[in-house]
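J.: When you get a sec, could you give me coordinates for this:
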Amino acid sequence: MESVKQFNDFLNDHVNLGIGSLELLDRNVDAIYAALKADEELKPLIVKKDPQGSWAHRTIIKPQKGKEFDADFMLVMKENEDWTDPVEYRNAIKRALNRHDKYKTMPVSHSCRAVTVTYADSHVDIVPFVALSDGRDVIVNGDDNEWEDSDPQSFTDWMRERDDITGRNFRKVVRIMKYLRDNSDWAGTKSIILTTLLGDRVSLGLHPEHMAFQHLAGARTQGNAGRQPCGQPRCTDLVKTRMDPQTLGVDHFHHGLARNNGGAGVGIAHGDHAIHRRDQAQIAPLRHQRFAV
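T.: Predicted coordinates:
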């Protein structure tokens, strides 16, 4: 327990961004959003704000000396049929800030995909996110003046899954590794790449429900070695556990039902059948399957 305390103390003292700084980012984001919603040109187009990045995912850390900490949010907007160029959405946000009494006196700049408001020791990036009439969700590539497909909710869900599987420790590990990166010779590694590499190492084998599943698998095979493949409980046994099948990376517990994409059957093994992962074409026996959710 002492080592756990030391780990948490190190996080709080050296790695985590302080509560005061986090609250400052919250206030700055809310103030910028309020200013944009009050703008006569933008007001009819704004749907909501959607926090993104390390600030939203709770993996933000203290910046190195002399560097800024930051918050990112997507400004979810309706499509404006009068704007034929994607870059108009980014430029409209910048114009609105330059018209505002407060922000016209502050540094406001733009990059390929965002408009940035810079403060003394931090900045806020505003990314226009548009739901097009053709059903696509997109962000703006201002350098090439074109749309880029975007699915931010999937990454948010991906982060939440890994944090659930690891008992709320995944985000802590990401913060620690970002701290080590910033104090090493691999400081150029982007946070999104680092987070993805770490997340790919999270196995469903760490999930409490999956450990219960493995225990059940072992119990089913005792005395039934001739009838049932090792490590594969019967469909009816799995249903009795009342587990959510999707926590095991499959759609349901019955062999032969259709996948979400209309393909062949998906489900936990029944008799001598193996299982499908719902997003994979290949089939693997359960005892050899590594669940990387």
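J.: Every contact and neighbour count from this point should use C-alpha atoms.
T.: Fine.
J.: the strands in the chain, which residues?
T.: Ranges of strands in the chain, per DSSP state E, are 46-52, 69-78, 108-110, 115-118, 122-131, 137-141, 146-149, 275-276, 283-284.
J.: who's in contact with stretch 74-89?
T.: Residues outside stretch 74-89 that contact it (C-alpha atoms under 8 Å, 6 or more residues apart in numbering): 45-52, 126-133, 140-142, 145-147.
J.: Can you turn the buried part of those into a ChimeraX selection?
T.: Here is the ChimeraX command that selects the buried residues among those (16 or more other C-alpha atoms under 10 Å):
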select :45,46,49,50,51,52,126,127,128,129,130,140,141,142,147
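J.: in the stretch 151-293 of the chain, which segments are predicted with low confidence?
T.: 204-293 (pLDDT under 70).
J.: Kindly export stretch 42-49 (C-alpha atoms) in CSV.
T.: Once non-C-alpha atoms are left out, stretch 42-49 reads as follows in CSV (Å, rounded to 0.1, in the frame of the first residue of the first chain):
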residue,chain,number,x,y,z
LEU,A,42,-22.3,32.4,-35.9
LYS,A,43,-25.2,32.1,-33.5
PRO,A,44,-27.6,30.4,-36.0
LEU,A,45,-25.0,27.8,-36.8
ILE,A,46,-23.8,26.7,-33.4
VAL,A,47,-25.2,23.5,-32.0
LYS,A,48,-22.9,22.8,-28.9
LYS,A,49,-19.4,22.5,-27.8
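J.: Start at 13, not 1
T.: Sure, I'll start counting at 13 from here, so that last one is stretch 54-61.
J.: So which residues make contact with it?
T.: Taking C-alpha under 8 Å, 6+ apart as the rule, stretch 54-61 contacts 45, 48-49, 85-92, 104-105, 108.
J.: That stretch - what's its average pLDDT?
T.: Stretch 54-61 comes out with an average pLDDT of 97.
J.: Break down the stretch 113-262 of the chain into its helices, ranges please.
T.: Applying DSSP state H, counting those that start in this stretch to the stretch 113-262 of the chain gives helices spanning 164-177, 182-194, 203-211, 220-233, 247-252.
J.: still on that earlier bit, would you format the strands of the chain as JSON lines with distance to residue 32 included?
T.: Putting these into JSON lines (distance: least, C-alpha to C-alpha, whole Å) gives the following:
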{"stretch": "strand 58-64", "distance to residue 32": "18"}
{"stretch": "strand 81-90", "distance to residue 32": "12"}
{"stretch": "strand 120-122", "distance to residue 32": "24"}
{"stretch": "strand 127-130", "distance to residue 32": "18"}
{"stretch": "strand 134-143", "distance to residue 32": "13"}
{"stretch": "strand 149-153", "distance to residue 32": "31"}
{"stretch": "strand 158-161", "distance to residue 32": "35"}
{"stretch": "strand 287-288", "distance to residue 32": "48"}
{"stretch": "strand 295-296", "distance to residue 32": "50"}
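J.: Of these, which is nearest residue 37?
T.: Smallest distance to residue 37 across these (C-alpha to C-alpha): 6.3 Å, for strand 81-90.
J.: Now do that closest one and strand 149-153, the angle between them.
T.: Put simply, strand 81-90 runs at 120 degrees to strand 149-153, going by axes from the mean of the first three to the mean of the last three C-alpha atoms, to 10 degrees.
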